[in-house]
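S.K.: the sequence and its predicted three-dimensional model are supplied below.
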Amino acid sequence: MTTTTLAVLVPVLPFLGAAAGLLLGRTAPGFVRPLAVLPPLAALALAAVVAVRQGGDQAVNAATELTPTGSVPIGLALHIDGFAALVAVLVGLVASCVQIYSTGYLRDDPRYPSYAALISLFTSAMLLVVYSGDLIVLLVGWEIMGICSYFLVGHYWETPEARAASLKAFLVTKLGDVPFLIGLFALATDAGSFRITKVLDAVGHGGLDHPTLIALLLLAGVAGKSAQFPLHTWLPDAMAGPTPVSALIHAATMVAAGVYFIARLLPVFEASRAAMVVLAVMAAVTMLGSGLAALAQDDIKRVLAYSTIGQLGYMTGALAVGDRGAAVFHLLSHGAFKALLFLAAGVIIHAAGTNSLAAMSRMKDLRARIPDAFWTMTVALLALAAIPPFSGFFSKESVLGAAEHVATGHTEHAPGAAGWITLVAGLLTAVLTAAYATRLWLLAFHGQGTEAPDHGRQPLTMNVVLWVLAAPSLALGAFAYRALPDWFDGRDLTPTLTTSVVGTGAALVGGIVTYGAWRHTSAIAARVPLGAVAAHPEGDAGLVEAEAIATHEPAYGDVAQAPDPADPGRLLLGPLHRHAAAGFHLDALYTALFVHPVQAAADLVRFLDREVVETYVRGAGTLPRWLGTAVRRAQTGNLQTYVSALLAGTVVLAVAVVLVATGA
C-alpha cells in the first residue's frame, strides 16, 4: 500500500474500533477488550511505517475536495512532515499503553465498554489533527477531542467532583474555541484557502493582512486546549476522571494539540512579533505559576497536572522563540515520561484501593509494596527534573538553548524580549520542577502517613506498561537529539554548554534544597505526635502544634486528613503556600468576574420571562377566555330564547335605521 493509504488508515482504525466497541459492548462483551487494544496497536504499527517511509524528507501531501464551498474550498487533505510522523507514533504508543493498562485498572468497571470506545475515539481524533492538511478537518478532530474529554473526565459521574470537572473542562475549552474558530476563518480569508500548505505559502509571500489579530485569536484556542494561562484552570480539576484518561490527555492528546497546532502554523505567528512576545509572556506566567502551585498540592494527580501545565509552558516558550523543533522534541519526550508518571500514580491509587487515597500526606511504605511503580516513577521524575542523561534533560535543554540563542541576538526569527522572557522563566521553572518532583518522590515513597490496607499485587498489564514507557523516558533524549534534526527542519538539538550547566545546576539546587527541607520537617514531626501537628497559614516554618492554630483554621476531624507535618512544600513556600495550593485563587476570581454576573443575568432573564412575558401572554389569553365564557353562557339551547334575541335585535336595528333616517 502507498504511504497515503497507510496514513488514512491510522486514524480510521481507532475510529472503527470505537464504533464496534459501542455496538458490541452489551451484546458481545467478550469482544470489548480486543476491540479496545488491537485497533490502537494496529494504528501504532501503521504510524511507525508511515514515519519510516517519510523519513524526515519532503512532506507527504494528498488532497481531495470535500464539497464545493465557493471561494474558500474545504478538502480532505493529508500533510505529513517529520513533525506529524513522529507525533503520530507518540499518540499511537501512549494510546495503546493506556488501553492495555485500562484492561487491568478498570477490569471491574461496569462502564468499561463505553470508556474503551471513547478512548479509541479520542485517539482517532488526535491522529486526525496530526495528519490533517486542512484546517476545517483539523477543527473536526479538535472538537471531537473536546467532547470525548467531557465524557471521560465525567466517567465517575456519580461523584459531584467528576460532574463539575467535566463541565468545567468543556466550558473553559469552548471559551477558547470561539475566538479560535474566528481566527481560522480570518486566516483562511486572508490566505484564500483552508489548506495548510497554501496558508503557509501565503504567509511566506506576505499574504496576511491581519497577522497580529489572527495570531492572538488562534492563541486563545491554544490556551484553552493546551491549558495555558489564563485558561489552564480546568486541567487540575480534570483529575477527577480515571487515571488512565489523565495519562492520555496529558501525554499525547488534547493538551498536546494546541502546541502541535502552533508548531504546524508557526510562520503565521512569526509574522507578528507582538504575538510572539505575548506567547512568551503566556509561557512564562504559565511555567512559574504552575511550578509554585505544584509544590503546594497534596493530591499526587494534581501535582502531575500542574506539572503538565508547566511543561507545556516550556513548549510554548520554545515556539515563542521560533524553534518548533525544540518544542516538538520536548513534546515527544514529555509524552513518554508524563504518561509513565500518571500510570505509575494509578498503580499507587490502585494499591490504596480508592481514588480518595491519592493524597501524598497519607502514603506510607509504598516503596516495598509496589516496587515496579517505585523504580519506573523514579526514572520518570528524573526525566521530569531534567537530570542527565534522562530524556527530559535533552529536550528541556533544547528549549533553553533556543531561548538563549534568541536572547543573545543570534537569530531574527523572534524578538530578543521573547528570548529573555523564556530563558529566565525556564531557568526558574527548572528549580521549581526539581523541587516538586523531589517532594513527590519523598512523600509518596518515604512518607510517614497512615498506612492504607494492602489490596494485593496489581495486574500484570499495569506493571508491564510501566516498564515499556520507562525505556523512552530513559533513553529517548540521548538518541533523539542526534537523530531528529533531519526530521525537524535541520535544527540542531545538541545541548549547549552554558544552558546545560546552568539548567542542571538549577535542577540540582531545587532537588537538594527540597531534600534538606524534608529532613528538617521530618525531624520536627518526629518530636510532635501525629495528629497534633497542622499547618499554620501564616507561620514561617508552617509547623506549629494544633492547639496554637485552633483560632486560625478549622480543626481536622480525622487524623488521617491532617496535613503531613513532614511536607517540605510548606516550609519552602511559607505564607505563599495557602495561595499556591488554591491555584492563586484564579477560580475564585473567575467566579466573581464571570460566573456570578452570568448567573445574575440569567436570574434577571428568568424574572423577566416569568413576571413580564408570561404575564403578558396570560393577559392576552384572559380576554378571549372571558368572551368565550360569555358567549358560551348565551348558548342555552332554548329556541324561545334565540327567537326573542332575534326579535330584540331586529327592533334595535329598526330603531337605529329610523334614527339615522330622521337625522338625515
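M.R.: Perfect, thanks for sending it.
S.K.: residue ranges of the helices in the stretch 51-200 of the chain, please?
M.R.: Listed in chain order, the helices found in the stretch 51-200 of the chain under DSSP state H, counting those that start in this stretch are 82-105, 112-131, 135-153, 160-191, 196-204.
S.K.: out of the ones you listed, nearest to I421?
M.R.: Closest of the helices of the stretch 51-200 of the chain to I421 is helix 160-191, at 21.9 Å (criterion: CB to CB). Any C-beta I mention is one placed from the backbone N, CA and C, and that applies to glycine too.
S.K.: elements contacting the closest one?
M.R.: Helices and strands in packing contact with helix 160-191 are listed as helix 135-153, helix 196-204, helix 211-225, helix 234-237; criterion 3 or more CB pairs under 8 Å, 6 or more residues apart in numbering; DSSP states H and E.
S.K.: how about those in a markdown table, adding mean neighbour count and mean pLDDT?
M.R.: What follows is these, written out as a markdown table (neighbours: other CB atoms under 10 Å; pLDDT from 0 to 100):
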| stretch | mean neighbour count | mean pLDDT |
| --- | --- | --- |
| helix 135-153 | 21 | 94 |
| helix 196-204 | 18 | 93 |
| helix 211-225 | 23 | 95 |
| helix 234-237 | 24 | 94 |
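S.K.: dump the ones you listed into a markdown table; add distance to E270 as well.
M.R.: As requested, the helices and strands packed on helix 160-191 are exported to a markdown table (distance: least, CB to CB, whole Å):
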| stretch | distance to E270 |
| --- | --- |
| helix 135-153 | 18 |
| helix 196-204 | 8 |
| helix 211-225 | 9 |
| helix 234-237 | 27 |
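S.K.: which one of those helices lies closest to T615?
M.R.: When those are compared by CB to CB, helix 135-153 sits nearest T615, at 38.1 Å.
S.K.: using PDB, list the CA coordinates for the closest one.
M.R.: Taking C-alpha atoms only, helix 135-153 is exported to PDB below (Å, rounded to 0.1, in the frame of the first residue of the first chain):
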ATOM      1  CA  LEU A 135      -7.800  23.500   8.900                       C
ATOM      2  CA  ILE A 136     -11.500  22.600   8.900                       C
ATOM      3  CA  VAL A 137     -10.800  18.900   9.100                       C
ATOM      4  CA  LEU A 138      -8.300  19.600  11.800                       C
ATOM      5  CA  LEU A 139     -11.000  21.600  13.600                       C
ATOM      6  CA  VAL A 140     -13.300  18.500  13.500                       C
ATOM      7  CA  GLY A 141     -10.700  16.400  15.300                       C
ATOM      8  CA  TRP A 142     -10.100  19.300  17.700                       C
ATOM      9  CA  GLU A 143     -13.700  19.500  18.700                       C
ATOM     10  CA  ILE A 144     -14.200  15.700  18.900                       C
ATOM     11  CA  MET A 145     -11.400  15.600  21.500                       C
ATOM     12  CA  GLY A 146     -13.300  18.200  23.500                       C
ATOM     13  CA  ILE A 147     -16.500  16.200  23.700                       C
ATOM     14  CA  CYS A 148     -14.500  13.000  24.400                       C
ATOM     15  CA  SER A 149     -12.700  14.700  27.300                       C
ATOM     16  CA  TYR A 150     -16.100  15.800  28.700                       C
ATOM     17  CA  PHE A 151     -17.400  12.200  28.800                       C
ATOM     18  CA  LEU A 152     -14.100  10.700  30.000                       C
ATOM     19  CA  VAL A 153     -13.400  13.200  32.800                       C
END
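S.K.: got the angle for it vs helix 112-131?
M.R.: In this structure, helix 135-153 runs at an angle of 150 degrees to helix 112-131, with axes from the mean of the first three to the mean of the last three CA atoms, to 10 degrees as the basis.
S.K.: helices and strands around helix 135-153, which ones?
M.R.: With contacts defined as 3+ CB pairs under 8 Å, 6+ apart, the packing partners of helix 135-153 are strand 74-80, helix 112-131, helix 160-191, helix 196-204, helix 211-225, helix 243-251, helix 255-264.
S.K.: identify the residues contacting the residue lying closest to V49 once chain neighbours are set aside.
M.R.: For V49, the nearest residue in space outside its immediate sequence neighbours is L6; the separation is 5.8 Å by CB to CB, 6 or more residues apart in numbering. The neighbourhood of L6, defined by CB atoms under 8 Å, 6 or more residues apart in numbering, consists of L46, V49, V50, R53.
S.K.: write the ChimeraX selection for whichever of these are buried.
M.R.: Below is the selection syntax for ChimeraX that covers the buried ones among the contacts of L6, with 16 or more other CB atoms under 10 Å defining burial:
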select :46,49,50
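S.K.: could you verify my assumption that G25 touches Y115?
M.R.: No: because the distance of 9.7 Å does not satisfy CB atoms under 8 Å, G25 is recorded as not touching Y115.
S.K.: the two: who's more crowded?
M.R.: Legend: neighbour count by other CB atoms under 10 Å for G25 and Y115, higher for Y115 (25 against 20).
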